[in-house]
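Asks: Next comes the sequence, and after it the predicted model I'd like to discuss.
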Amino acid sequence: MKISNTPNNTSNITGFILLGFPCSREGQSLLFVLFSGAYLLTLMGNGSIICAVYWDQRLHTPMYILLANFSVLEICYVTSTVPNMLANFLSDNKVISFSGCFLQFYFFFSLGATESFFLAIMAFDRYLAICRPLHYPTLMTRRLCSNLVVSCWVSGFLWFLIPIIIISQMSFCGSRIIDHFLCDPSPLLALTCKKAPVIQRVISTLSPVPIIILFSFIMGSYALILRVVFKVPSAAGRRKAFSTCGSHLAVVLLFYGSVLVMYGSPTSEHEAGMQKIVTLFYSVVTPLLNPVIYSLRNKDMKNALQKFLRLQKGT
């Protein structure tokens with residue numbers, strides 16, 4: 001990576017400046033308190049799910065193993081951006097080093113891609129459980145579940161490896177200001193000395209491709225699930241089938257609803273303010289709500305969480 005200064009900017013460049021959410025000192029302090037609370041609640045909620053699955057032998061099934069891994073992913077996802085954002089709320093210069101910016105870009109988008117893969121695998125698991133109930137134990141074995149988990153993590157982190165290598169080798173000139181709270185590829189490419197439309201096109205294609213393909217796979221799985229559920233003669237049977245996949249479907253709609261607005265829309269140009277809000281929703285709000293959604297709509301998870309809390313009180 002090379003850094004050049006324009007005649008209008010001769011100061012030593014030590015990193016990029018993340019503008020975040022410009023406001024008064026009081027406003028920055030209020031945002032720090034709000035996002036600190038959201039971050040702690042996210043860690044506690046997803047951490048509780050991980051502990052509940054670990055301690056309760058009844059939850060050692062593919063569905064809950066995938067959910068526990070998904071909670072680990074959510075913790076990593078918010079940690080890739082929120083701690084730096086909190087530090088910027090209390091900082092005057094709001095500088096992030098070049099290596100820190102590229103690492104944040106890589107981990108944030110790799111974890112986002114991994115989340116897309118996990119949601120698709122969880123939809124596949126629900127499809128097998130509802131549409132192939134008699135064959136489910138032999139199809140979704142622990143070995144297959146482990147292989148799927150590893151594949152999700154590896155695929156997600158390989159997807160954005162080439163883009164981050166390309167961007168890190170580019171030269172940056174002039175202004176180092178990024179009007180965002182994280183290192184997003186669009187403002188990063190806008191700061192390059194030489195415009196590279198081919199690279200921009202490659203990166204703008206890599207972002208929505210897994211989102212659109214995996215979202216189509218998830219919707220196809222649920223279409224097959226609904227076709228089977230509506231054939232169930234009893235209302236109680238239909239409710240039970242819906243309860244097993246309702247939480248996952250709610251999380252899918254929350255995550256993909258905001259992500260598709262950002263990366264799946266026909267036009268990639270968004271106002272900076274809207275871009276921040278949409279990114280904030282799927283990167284902070286969704287991981288915060290996921291534990292609530294899964295615990296409120298799942299009796300097994302609620303019982304496991306209560307059991308885990310009793311164990312903690314007894315120690």
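Replies: Nice, I can see it. Source: prediction; values computed, not measured.
Asks: Could I get the pLDDT score of Lys313?
Replies: Reading off the per-residue confidence, Lys313 sits at a pLDDT of 66.
Asks: swap in Val229?
Replies: 85.
Asks: How far does stretch 132-144 sit from its chain's centre?
Replies: A distance of 27 Å separates the C-alpha centroid of stretch 132-144 from that of its chain, computed with C-alpha atoms, centre = their mean, to the nearest Å.
Asks: What are the contacting residues of that stretch?
Replies: Pro62, Ile65, Asp125, Leu128, Ala129 (C-beta atoms under 8 Å, 6 or more residues apart in numbering). For every residue, glycine as well, the C-beta is placed using N, CA and C.
Asks: pLDDT on the helix or strand where Ile203 lies, on average?
Replies: Using DSSP states H and E, the secondary-structure element containing Ile203 is helix 197-206. When pLDDT is averaged along helix 197-206, the result is 73.
Asks: Would you mark the buried spots in it?
Replies: By neighbour count with 16 or more other C-beta atoms under 10 Å, helix 197-206 contains the buried residues Ile199, Gln200, Ile203, Leu206.
Asks: who touches the second one in this structure?
Replies: Gln200 makes contact with Leu189 under the criterion C-beta under 8 Å, 6+ apart.
Asks: I figured Leu111 hits Phe160, correct?
Replies: No - between Leu111 and Phe160 there is no contact under C-beta atoms under 8 Å: 9.7 Å.
Asks: What segments of this structure are helices?
Replies: Defined through DSSP state H, the helices belonging to the chain, from first to last, are 25-55, 62-79, 82-89, 98-131, 136-139, 142-159, 161-168, 185-190, 197-206, 208-229, 235-263, 272-280, 286-296, 299-314.
Asks: right, and Tyr64 touches Val53 too?
Replies: Yes - with the criterion set as C-beta under 8 Å, Tyr64 and Val53 qualify as a contacting pair; they are 4.9 Å apart.
Asks: between the two, who's got more neighbours?
Replies: Residue environment comparison for Tyr64 versus Val53 gives the larger neighbour count to Val53, 25 against 22, counting by other C-beta atoms under 10 Å.
Asks: Identify the residue spatially nearest to that one, adjacent ones excluded.
Replies: Excluding its sequence neighbours, the residue lying closest to Val53 (C-beta to C-beta, 6 or more residues apart in numbering) is Ala68, at 4.0 Å.
Asks: follow-up on the earlier one: can you put the contacts of stretch 132-144 in JSON lines and add neighbour count, pLDDT and distance to Thr244?
Replies: Written out in JSON lines, the entries for the contacts of stretch 132-144 read as follows (neighbours: other C-beta atoms under 10 Å; pLDDT from 0 to 100; distance: C-beta to C-beta, whole Å):
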{"residue": "Pro62", "neighbour count": "23", "pLDDT": "92", "distance to Thr244": "13"}
{"residue": "Ile65", "neighbour count": "18", "pLDDT": "93", "distance to Thr244": "15"}
{"residue": "Asp125", "neighbour count": "26", "pLDDT": "94", "distance to Thr244": "10"}
{"residue": "Leu128", "neighbour count": "17", "pLDDT": "93", "distance to Thr244": "11"}
{"residue": "Ala129", "neighbour count": "20", "pLDDT": "90", "distance to Thr244": "7"}
